[in-house]
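Peer 1: quick one, what's the 3D model for this:
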Amino acid sequence: MRTMVEIYKGESTENLCGETVVQTVDNGSRRVKIILTQQKAATFIQAWWRGTLVRRILLHAALRAWIIQRWWKQKLAMLLEKRRRASLDSYTRNEWAVVKLQSWIRMWRIRRRYCRLLHAVRIIQVYWRWHVCHTRGFIQGHYDIKESQMNLELQISLGSQACRMQQCIPLPIKE
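Peer 2: Sure, this is the predicted structure:
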């Protein structure tokens with residue numbers, strides 16, 4: 001009994017029979033004497049024990065609530081990270097699609113420009129070849145094959161000079 005009263009942090013004295021307890025409690029600036037009977041002392045101890053149990057239960061409940069809150073925060077963080085990753089993947093796919101589309105359009109425009117230039121080059125080449133042919137010279141001719149001979153007519157043109165040649169070539173026919 002003495003130890004329980006000492007837990008209450010005060011000076012205690014007890015009579016020889018153990019029926020009454022005098023306790024001095026330091027209450028801030030003044031000391032208060034409390035006289036307890038055995039029944040009141042038992043009630044005091046029970047109240048103290050119940051308070052200890054309640055505090056222990058509240059502490060365990062608070063710890064359990066903290067554990068649950070921590071678990072929930074981790075789940076929310078994982079869910080947020082998963083959403084962030086999905087959003088990033090979607091953004092990356094969209095950006096990649098845009099880059100691919102831009103690449104295809106650039107390629108199409110460059111190919112179209114190349115085809116136009118190639119067409120222009122071909123036109124220039126045709127006119128140049130025609131010019132070269134008329135200024136430098138060319139050979140033009142045709143032939144006819146009749147029963148046993150071939151008539152060949154050639155016209156060779158070298159600038160302003162022209163040479164015309166006509167020849168009849170007999171064909172050997174086996175009979």
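Peer 1: so how many other residues sit close to residue 92?
Peer 2: 10 (other CB atoms under 10 Å). Every residue, glycine included, has its C-beta placed from N, CA and C.
Peer 1: tell me the spacing between it and residue 81.
Peer 2: According to CB to CB, to the nearest Å, residue 92 and residue 81 sit 16 Å apart.
Peer 1: point out where this structure drops to low pLDDT.
Peer 2: 1-36, 133-137, 159, 174-175 (pLDDT under 70).
Peer 1: can you give me the strands for it?
Peer 2: Per DSSP state E, the chain carries strands over the ranges 10-14, 20-27, 30-37, 138-146, 149-158, 161-170.
Peer 1: can you check what angle separates the fourth one from strand 161-170?
Peer 2: Just to be clear, that refers to strand 138-146. On the basis of axes from the mean of the first three to the mean of the last three CA atoms, to 10 degrees, strand 138-146 is oriented at 20 degrees to strand 161-170.
Peer 1: so which elements touch strand 138-146?
Peer 2: strand 149-158 (3 or more CB pairs under 8 Å, 6 or more residues apart in numbering; DSSP states H and E).
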